[in-house]
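*Asks:* 3D model of this:
(chains A and B, ligands or ions: 3)
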Amino acid sequence: MSEHGHLWQNGPELDGQIPPGAIENKWDDLRFSMKLVAPANRRHYHVIVVGSGLAGASVATALGEQGYRVSCFCFQDSPRRAHSVAAQGGINAAKNYRNDGDSIRRLFYDTVKGGDYRSRESNTYRLAQISTEIIDQCVAQGVPFAREYGGYLDNRSFGGVQVSRTFYARGQTGQQLLLGAYQSLTRQIAAGQVEMHVRSEMLDLIVVDGIARGIVVRNLLTGEIRAVLGDAVVLATGGYSNVFFLSTNAKGCNVTAIWRAYRKGAVFANPCYTQIHPTCIPPSGSHQSKLTLMSESLRNDGRIWVPRHPGDTRSPNAVPEPDRYYFLEEKYPSFGNLVPRDVASRNAKQVVDEGMGVGPQQNGVYLDFSEAMERLGRGTIEQRYGNLFDMYHSITGEDPYAVPMRIYPAVHYTMGGLWVDYQLQSNVPGLFVLGEANFSDHGANRLGASALMQGLADGYFIAPYTIGNYLAGIDQTAVTADAPEVTGAIADVRNRLSALLGIQGRRTALSLHRELGQIMWEQCGMARTAESLSTAQAQLQGLRESFWNELYVPGDAGSLNQNLEFAGRVADLIELGELLVLDALHREESCGGHFREESQTADGEAKRNDEEFSYVAGWAWQGEGAAPMLRREPLAFEAVRLSERSYS
Amino acid sequence: MKLHLRVWRQSSAEDRGRFEDYELDDVSPDSSFLEMLDLLNEQLLEQRKMPVAFDHDCREGICGMCGLMIDGTAHGPVPGHTVCQLHMRHFKDGDRIVIEPWRVAAFPVVQDLVVDRGSFDRILQRGGFISFATGTAPEANSILIPKDRVDTAMDAATCIGCGACAAACPNGSATLFTAAKIGHLGHLPQGQPERYQRVMGMVGQMDAEGFGGCTNVGACTSVCPKEIGQDFISQMNRDYRRAVLGRTGD
Ligand SMILES: Cc1cc2nc3c(=O)[nH]c(=O)nc-3n(C[C@H](O)[C@H](O)[C@H](O)COP(=O)(O)OP(=O)(O)OC[C@H]3O[C@@H](n4cnc5c(N)ncnc54)[C@H](O)[C@@H]3O)c2cc1C
Ligand code: SF4
Ligand code: FES
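*Replies:* Numbers count the residues shown, from 1 in each chain, chains lettered A, B, ... in the order given. Ligands and ions are numbered 1, 2, ... in the order given. Reported below is the predicted structural model:
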């Protein structure tokens, strides 16, 4: 590590403020010790919530119901469109409805193990505890989860676990959960408790005397820039997978809100932990603007294979059984096709790199349902996955009932995000971070169906308590609109927009974003080396210079200007890319989604180095051009034993 | 392939707007319709012209953000698809394609192909939810729901709020959208207590927003990317009549 010493400076450790006591009691004990705001006083507090996905909509609703004044912001034209809507597969909960040995402890254990022992134990335990309440909440909202004939809720199993604990609503679980959350939010909007601001983008965080006191927002329709001041700020702004350009995320997903907060002092944790999802449709050409996920649930019934001999160009149905290489089933007999995402992805990359890739661009592996259709009948498969099969058909023009699907890994989720303590508060007091935007629960790899669970746990059942506790303890003077921190932040935002418009070069934001994605995917994708990461550093620096010298954004900042919005997001993604690469370079071990080729076992599995790297890497901004500061939060494991993750 | 595009351009709500013609080369049949528009916008930027504004986000048919009239059809020629899911293989080399925004009184044009669908959110604010406070929910399996009922509720709940139904309707009616939410909640036991209040509130708001009335034309269902059926409209009308007549004690 020391040879990279000039790339960062070491700073003081971070304290996650984990409550004392047995892991089962921490959350309960803490809740009991929390200060409460008297119901009649709650309307005197104003909470700013940025984001209307599962995390944002749920916290805004819960705080509104409790009587706080809430302002909620999103950049889409309606809160119902947040990217959570796109989640397909399902949401986990330790209900043990199947009586198959599930329990809170098992969900906790699976999540810590799945995260390759790089998450904070206490947070993960709490997530598992809360999981069951979430399902109750969603059912009460009218979420039409799949049911069995007896009217009871149905479950299925999802990658990386051996129990059936995933609740789902066809292949549209995220949509139904988000609509449930949106409906409850709508009720609070109608009641006047939540003021909703759509087509509004947060472009800066306002920090006064070290405390988060507001945000700067641009109205995307009128271009109006204003400060919104409050008593606490919640960022629930989602993930930053689009730093790779091609990802399964919606086009609008970006890092701006948390990146601007980082530049205002919030610590950014584990940016290099990115998840590559094994089951996406491979790119079809240079026009490609995003990748489409085929839900992981497909791996329950589909079998993954490639032709055993490189260069075998026979059509899949003509390849006889002995010539098929079911690489996951052969290498991991007990989990087979259900190994965690990172393991499945890396193995797919390996066979494609070895020349066994399939499809016109030889950039995929087969996901084959023929055996399942024989066993269960086409009807069952149609019922389970019909809409996914239709989606595949419409995108590729191929019928997956007749020929196996082609899949390949794509970037899907970012485990990293702003650092938060046990109460989901960042190191900047008054700034809370929820959902995919924080780093908290998934370690170095997230298990399927756990992000929806986390977003709703954070928003409905954790932050409403901890924010209340924070508000009850503050004694703050009102910030006025003419405070220098406020006018300064507004001026910074204005200047930055003018700078973007003023370059008047010849390159489009889209071409720069594509180039960013290429660098990230090639040098810092599924496999990383010190060499590839150093190359990425040089390339990203060059890209940043090109961006600020060659960008062309037309029009002005005084009305809807989609290109201007996009350019600002790309600028932040490039800067984030640099931090992500630095984090990947500094972490000289492999863990979960972060695979350093230098650190692997004899049979090519990720090899952790607990001695040196059993910590959360928190990065603190030190100013333009200065090396960031690395603040570590050591990870202690008391309830689970650190062990090598094995799925064989 | 090569395409001749005729695209609606309107700089703001105040601008009267006009069609402009563009030629586009080298469009891949494997690209999506929105990727084709990306290509057009890159070409416009190269010519230092304003790109065409259009709404989109997920690009996989689920967020409901996208929506265009393509040759007069909402979401274009392939049934059951949003415009972001439409692929150029459904067009031919040399085709002439006319692209317009939704044209509905209650969806004012913001810029080019972008419209304001805030009226949909306001309809839902009049009852498109179940009232209860976070944390008070009973154990999930204490509410048993027959599978066919939940499946029907789900059919309605898949509405993505895109607005194609209103755009396709000769009366500019939001009936299918409204009926979908009423159908979703109305098929669930949790939705019963507020059933009639909901239908009164939402239908009232639909009218207040300036959406037209429903005359059973059926154009909405044929363009609906989620293929939400007319039966939900009949059910909503039944509930509405009962609510108006005060015969809600079934
Ligand atoms: C295709 C796909 C499938 C998935 N399937 C599953 C699954 O089956 N199970 C599972 O558990 N997880 C799944 N995930 C992951 C999961 O959907 C997400 O991690 C989760 O929904 C994120 O929720 P969120 O509330 O944190 O953020 P989001 O839903 O992304 O919401 C972000 C919100 O922040 C707003 N916002 C962002 N920046 C700004 C800004 N600067 N100013 C104002 N507003 C801003 C946006 O408008 C939006 O409202 C899937 C993800 C993808 C991409
Ligand atoms: S009913 Fe169909 S067309 Fe209308 S908004 Fe919903 S999904 Fe779109
Ligand atoms: S962009 Fe989301 S539905 Fe088309």
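*Asks:* phi first, then psi, for A:F145.
*Replies:* phi -60, psi 150 (degrees, to the nearest 10).
*Asks:* any idea how many residues pack against B:R18?
*Replies:* 9 (other C-beta atoms under 10 Å in any protein chain shown). (Glycine included, C-beta is placed from N, CA and C.)
*Asks:* who are the contact partners of it?
*Replies:* B:8-10 (C-beta atoms under 8 Å, 6 or more residues apart in numbering or on different chains).
*Asks:* show me where pLDDT drops low in chain A?
*Replies:* A:1-5, A:159-160, A:647-648 (pLDDT under 70).
*Asks:* now with 80?
*Replies:* Residue ranges of chain A with pLDDT under 80: A:1-5, A:158-161, A:340, A:387, A:476, A:603-604, A:644-648.
*Asks:* same thing with chain B?
*Replies:* For chain B, the ranges with pLDDT under 80 are B:248-250.
*Asks:* recalculate using a threshold of 90.
*Replies:* B:246-250 (pLDDT under 90).
*Asks:* would you map out the domains in it?
*Replies:* Recorded structural domains for chain B (assignment: automatic domain parsing) are B:3-110, B:117-245.
*Asks:* closest one to ligand 2 among those domains?
*Replies:* When the domains of chain B are ranked by proximity to ligand 2, the top entry is domain B:117-245, at 3.2 Å, counting by C-beta to the nearest ligand atom.
*Asks:* do the closest one and ligand 2 meet?
*Replies:* Yes. Domain B:117-245 reaches ligand 2 (C-beta under 6 Å from any ligand atom) through B:159-165, B:176-177, B:180, B:224-226, B:228.
*Asks:* can you flag which of these belong to strands?
*Replies:* Within the residues of domain B:117-245 next to ligand 2, no residue falls in strands by DSSP state E.
*Asks:* just these that are near chain A?
*Replies:* B:160-161 (C-beta under 8 Å from any C-beta of the partner chain).
*Asks:* just put the contacts of B:R18 in JSON lines and tack on neighbour count.
*Replies:* What follows is the contacts of B:R18, written out as JSON lines (neighbours: other C-beta atoms under 10 Å in any protein chain shown):
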{"residue": "B:W8", "neighbour count": "19"}
{"residue": "B:R9", "neighbour count": "16"}
{"residue": "B:Q10", "neighbour count": "19"}
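*Asks:* give me the subset of the residues you listed lying in helices.
*Replies:* With DSSP state H as the criterion, helices contain none of these.
*Asks:* of these, closest to A:G210?
*Replies:* B:Q10 (46.8 Å; C-beta to C-beta).
*Asks:* now that closest one. Its backbone dihedrals?
*Replies:* phi -150, psi 120.
*Asks:* OK, contacts around the residue lying closest to it once chain neighbours are set aside?
*Replies:* Of all residues not flanking B:Q10 in the chain, B:G17 sits nearest, at 3.3 Å (C-beta to C-beta, 6 or more residues apart in numbering or on different chains). Contact analysis of B:G17 by C-beta under 8 Å, 6+ apart lists B:8-10, B:109.
*Asks:* which pair in those residues spans the largest distance?
*Replies:* B:R9 and B:V109 (10.6 Å).
*Asks:* residue contacts, B:G128?
*Replies:* When contacts are counted by C-beta under 8 Å, 6+ apart, B:G128 is found next to A:183, A:186, B:181-182, B:185, B:198, B:202.
*Asks:* how deep is the residue of chain B found nearest ligand 1 tucked in, by neighbour count?
*Replies:* Chain B approaches ligand 1 most closely through B:E60 (7.2 Å), counting by C-beta to the nearest ligand atom. Counted with other C-beta under 10 Å, the neighbours of B:E60 add up to 21.
*Asks:* possible to save the contacts of B:G128 as CSV with secondary structure and neighbour count?
*Replies:* Below are the contacts of B:G128 laid out as CSV (DSSP: H, G, I helix; E, B strand; the rest coil; neighbours: other C-beta atoms under 10 Å in any protein chain shown):
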residue, secondary structure, neighbour count
A:Q183, helix, 25
A:T186, helix, 27
B:K181, helix, 28
B:I182, helix, 26
B:L185, helix, 25
B:R198, helix, 26
B:M202, helix, 25
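*Asks:* out of these, who's nearest ligand 3?
*Replies:* Distances from ligand 3 to the contacts of B:G128, taken by C-beta to the nearest ligand atom, are shortest for B:K181, at 17.6 Å.
*Asks:* nearest spatial neighbour of the closest one, skipping sequence neighbours?
*Replies:* B:G128 is the one closest to B:K181 (C-beta to C-beta, 6+ apart), at 4.6 Å.
*Asks:* give me the element that neighbour is part of.
*Replies:* Using DSSP states H and E, B:G128 is not contained in any helix or strand.
*Asks:* which stretches in chain B count as strands?
*Replies:* B:3-9, B:18-24, B:69-70, B:73-74, B:96-100, B:109-111, B:114-115.
*Asks:* can you report how many residues neighbour residue 65?
*Replies:* Assuming you mean chain A. With other C-beta under 10 Å as criterion, A:E65 counts 22.
*Asks:* actually it's chain B I care about, not the one you picked
*Replies:* Neighbour count for B:M65, taken as other C-beta under 10 Å: 27.
*Asks:* what do you get for A:N549?
*Replies:* So A:N549, with other C-beta under 10 Å, has 11 neighbours.
*Asks:* circling back to that earlier point, next, the residue nearest to B:K181: phi, psi?
*Replies:* phi -80, psi 50.
*Asks:* let me know the closest of the residues of domain B:117-245 next to ligand 2 to chain A.
*Replies:* Of all the residues of domain B:117-245 next to ligand 2, chain A sits closest to B:G161, with 5.9 Å by C-beta to the nearest C-beta.
*Asks:* residues in contact with the closest one?
*Replies:* B:G161 neighbours (C-beta under 8 Å, 6+ apart): A:78, A:80-81, B:64, B:117, B:120, B:177.
*Asks:* with adjacent residues omitted, what lies nearest to it?
*Replies:* B:G64 (4.4 Å).
*Asks:* so how far is A:D390 from that neighbour?
*Replies:* In this view, B:G64 and A:D390 are 18 Å apart by C-beta to C-beta, to the nearest Å.
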